[in-house]
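> Here is my input, please return the structure:
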Amino acid sequence: MLLNKITCLLGCFAFGAVLSASAQQKPQGFSAKSYTAYVKAIASDELMGRMPFSAGETKTIEYLEREFKVLGLEPGNKGSFVQEVPMVAISCNPQMSMRISTSSSPIKLEGLKDYVLWTRRTEPDIELKNEDLAFAGFGITAPEFKHDDYAGLDVKGKIVVVLVNDPGYYDARQFKGKTMTYYGRWTYKYDEAARHGAKGCLIVHDTAPAAYGFSVVQNSWKTTKLYLDSRAKETYKCAIEGWLTLPATERLLQASNTNYKTLLASALSKDFKARPLPLKLSTGLSVTANYKKSHNVIAKITGRQKADECVIYSAHWDHFGISKPDAKGDSIYNGAVDNASGTAALLELARVFKQNKEKPARSIVFLSVTAEEQGLWGSAWYAENPVFLKEKTVADINMDMFYPYGKTKDIGLVGYGQSELEDYLKTEAAKQGRYVAPEADPAKGMYFRSDHFNFAKVGIPALYTESGVDLIGKGRQAGLKMHENYTATTYHKPSDEVTADWDVSGTIQDLELLYAVGKKMAYSTTLWPKWKAGSEFKAIRERYKR
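This is a model prediction of the structure:
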């Protein structure tokens, strides 16, 4: 009822009358006024929280397409500004118990309390009866680190049990030490298990290496999840994906005459061998699949010399729509910082690039993607179905959340040590009298949690920066406190709105920097940034044929 009232009220306003920032601002370099107008438009109540598949999506797509047209940009997808993103919404109803048969008495685990289960399959019913279990270490196959947890073990048709994170978390001599690699991400572990033909994959949850408590897992696995619709290009998926609590794991291991500490030590050993567990698992899930389509928005400036090569600027337009009112009665998730700020940055960058008298040598693509909040799906679809071939894509510069706290001496870099893009960033930052600061906690693996990651996965060097914290005139501690306060009080809440105290001077500073990095590549015909030694994406890029 509340949603209907809000929709009715919003529909009474003339949408186009409020939302044309570019028409009011002459292109004279980066402008706080122009940028802020874009943010206000994108974060306005009129866009209804920008939820995929909603009326808010329709309004958002219309707004972005109109603004790109006003700026004089070309449609980026074969004559269209829009790229369809076919998706499937999967709802699971797992059985609330799991039976583990042992050599003695069976063990019964309780759903949500001891484990969570999910599936990416769409058949209505999935039944598991006396399925074999196997321990596969960290569940990692990493040639560049000479590491293969699956070596010597056939897991086809089995349920693999794997550890969270990667070996470097425990042993600084392995992988990248405390800096999490892609191999430490839970999404990778499920995909790798499927590549080996496993019937399922269960990750053992341990709070410290996971970087979050089991309650986070419980909360995030209760709702309907979105995935790409893969019916046209079906790939094998595990029947079940899930997590086990550490206490539940210890019960299973005790029945296998071992324990978690022993398994962890064995997985960290250079002589590790995956092995079957003397256990069998029985449980099931019922599944409902609903197919829908969302949309990316793509605009471009065509290069004058190598039009088939491109530099991409990306940002996600989506947020969480309209939900239950908060304590102040606000029910619209405006997502001003996350990520109206990045989407507005796309428009502001497009405006400034377009005003240049000389066209770039390569094409510049401005890509606004859907469903980041649901799993990075819009960027995943583009990476799998690119307008510009991945072999012809020089780099991606991704923008997700600019904090409105003023100018800083630093700019944050997520994924320090990954590619030469950070060297370009350092050079241009120095021209501003600034320094590049690595992310504070690389063990959390933030490099794998925004849209640039899908470009990295296919080998395209990807840059992801964060707003700095070393505030000019206030210091680093003040900046950290502001960021922490945003996370605690505003992040993913209806209160993420544009307020009168916003200071976007630091964002303009960051945009000038990202503009310089992108221009360096877009106005060159020869510059191809490389992945650095030790990057898990280096070998993928080196297989390219240009």
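
> what are the phi and psi values for the residue located most distally from the centre of the chain?
Seen from the C-alpha centroid of the chain, the residue lying at the greatest distance (CA atoms, centre = their mean) is Ser104, 44.0 Å away. Taking degrees, to the nearest 10, you get phi -120, psi -120 for the backbone angles of Ser104.

> please renumber so the chain begins at 56
Let's use 56 as the start, then, which means that last one is Ser159.

> Could I get the contacting residues of it?
Taking CB atoms under 8 Å, 6 or more residues apart in numbering, we find Ser159 in contact with Ala310. To be clear about C-beta, it is placed using only N, CA and C from the backbone, and glycine gets the same treatment.

> quick one, strands of the stretch 156-305 of the chain?
In the stretch 156-305 of the chain, the segments counted as strands under DSSP state E, counting those that start in this stretch are 162-165, 170-173, 180-190, 196-197, 202-203, 214-218, 255-259, 280-283, 295-299.

> Ok, which of those strands comes nearest Ala555?
strand 280-283 (35.3 Å; CB to CB).

> Show me what that closest one packs onto, helices and strands only.
Helices and strands touching strand 280-283, as assessed by 3 or more CB pairs under 8 Å, 6 or more residues apart in numbering; DSSP states H and E, comprise strand 137-149, helix 432-439.

> Mean neighbour count, these: which tops it?
Greatest average neighbour count among these goes to helix 432-439 (a mean of 24), per mean count of other CB atoms under 10 Å.

> re the thing from before, now the strands of the stretch 156-305 of the chain as TSV including mean pLDDT, distance to Leu126 and mean neighbour count?
Below are the strands of the stretch 156-305 of the chain laid out as TSV (pLDDT from 0 to 100; distance: least, CB to CB, whole Å; neighbours: other CB atoms under 10 Å):
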stretch	mean pLDDT	distance to Leu126	mean neighbour count
strand 162-165	97	56	15
strand 170-173	96	42	23
strand 180-190	97	49	16
strand 196-197	96	44	18
strand 202-203	98	48	16
strand 214-218	98	48	26
strand 255-259	98	45	26
strand 280-283	91	30	19
strand 295-299	97	43	24
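
> among those, which is nearest Ala227?
Counting by CB to CB, Ala227 lies closest to strand 202-203 out of these; the figure is 15.1 Å.

> which other residues reach the closest one?
Residues outside strand 202-203 that contact it (CB under 8 Å, 6+ apart): 195-197, 222, 229-230.

> Pick out the most distant pair among those residues.
Spanning the widest gap among these are Thr196 and Gln229, at 14.7 Å by CB to CB.

> Tell me the one among the contacts of strand 202-203 nearest to Asp465.
Phe230 (26.8 Å).

> For that closest one, report the pLDDT, please.
Predicted confidence (pLDDT) for Phe230: 96.

> got the contact list for it?
By CB under 8 Å, 6+ apart, the contact set of Phe230 is 197, 200, 202, 221-223, 236, 238-239.

> Check the gap between the residue nearest in space to the middle of the chain and Gln473 for me.
Central residue of the chain (CA atoms, centre = their mean): Ser505, 2.8 Å from the mean position. Ser505 is 13 Å from Gln473, where distance means CB to CB, to the nearest Å.

> swap in Ile466?
Taking CB to CB, one finds Ile466 at 16 Å from Gln473.

> same deal with Gly166?
38 Å.

> between those two, which one's more packed in?
Gln473 (23 against 15; other CB atoms under 10 Å).

> Excluding covalently adjacent residues, which one is nearest to that one?
Counting by CB to CB, 6 or more residues apart in numbering, Gln473 lies nearest to Ser590, which is 5.2 Å off, once chain neighbours are set aside.

> The one you found: what secondary structure?
Judged by DSSP: H, G, I helix; E, B strand; the rest coil, the three-state class of Ser590 is coil.

> Ser152 versus that one, what's the distance?
Look at Ser590 and Ser152: by CB to CB, they are 43 Å apart.

> Ok, Gln138 next?
As judged by CB to CB, Gln138 and Ser152 stand 43 Å apart.

> go on, Ile452?
Distance of Ile452 to Ser152, given as CB to CB: 48 Å.

> Report the secondary structure element holding Val342.
Taking DSSP states H and E as the criterion, Val342 maps to strand 330-356.

> Which other helices and strands does the next helix or strand after that strand contact?
The helix or strand immediately downstream of strand 330-356 is strand 361-371, counting by DSSP H and E. Under the contact definition 3+ CB pairs under 8 Å, 6+ apart, strand 361-371 sits against helix 396-410, strand 417-424, helix 432-439, strand 448-453, helix 507-512, helix 560-577.

> okay but Ala144 is in contact with Lys348, surely?
No - using CB atoms under 8 Å as the test, Ala144 is too far from Lys348 to be in contact (11.3 Å).

> outside of stretch 491-504, which residues touch it?
Looking at what lies outside stretch 491-504 - CB under 8 Å, 6+ apart - the contacts are 220, 224, 233-237, 239-240, 242, 264, 266, 431, 465-471, 473, 477, 480-481, 484, 508, 511, 519, 521, 523-525.

> next one: stretch 241-254
Residues from elsewhere that reach stretch 241-254 (CB under 8 Å, 6+ apart): 183, 186, 191, 193-196, 205, 210-215, 217, 219, 237, 255-256, 258, 290-296, 298, 503.

> Using PDB, write out the CA atom coordinates for it.
Output in PDB follows, covering the C-alpha atoms of stretch 241-254 (Å, rounded to 0.1, in the frame of the first residue of the first chain):
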ATOM      1  CA  TRP A 241      33.900 -17.700  -2.000                       C
ATOM      2  CA  THR A 242      32.600 -17.100  -5.500                       C
ATOM      3  CA  TYR A 243      35.800 -18.500  -7.000                       C
ATOM      4  CA  LYS A 244      35.600 -21.600  -4.900                       C
ATOM      5  CA  TYR A 245      32.100 -22.500  -6.100                       C
ATOM      6  CA  ASP A 246      33.100 -21.900  -9.700                       C
ATOM      7  CA  GLU A 247      36.300 -24.000  -9.400                       C
ATOM      8  CA  ALA A 248      34.400 -26.900  -7.700                       C
ATOM      9  CA  ALA A 249      32.000 -26.800 -10.700                       C
ATOM     10  CA  ARG A 250      34.900 -26.800 -13.200                       C
ATOM     11  CA  HIS A 251      36.100 -30.000 -11.600                       C
ATOM     12  CA  GLY A 252      32.600 -31.600 -11.800                       C
ATOM     13  CA  ALA A 253      31.800 -31.500  -8.100                       C
ATOM     14  CA  LYS A 254      28.100 -32.000  -7.200                       C
END
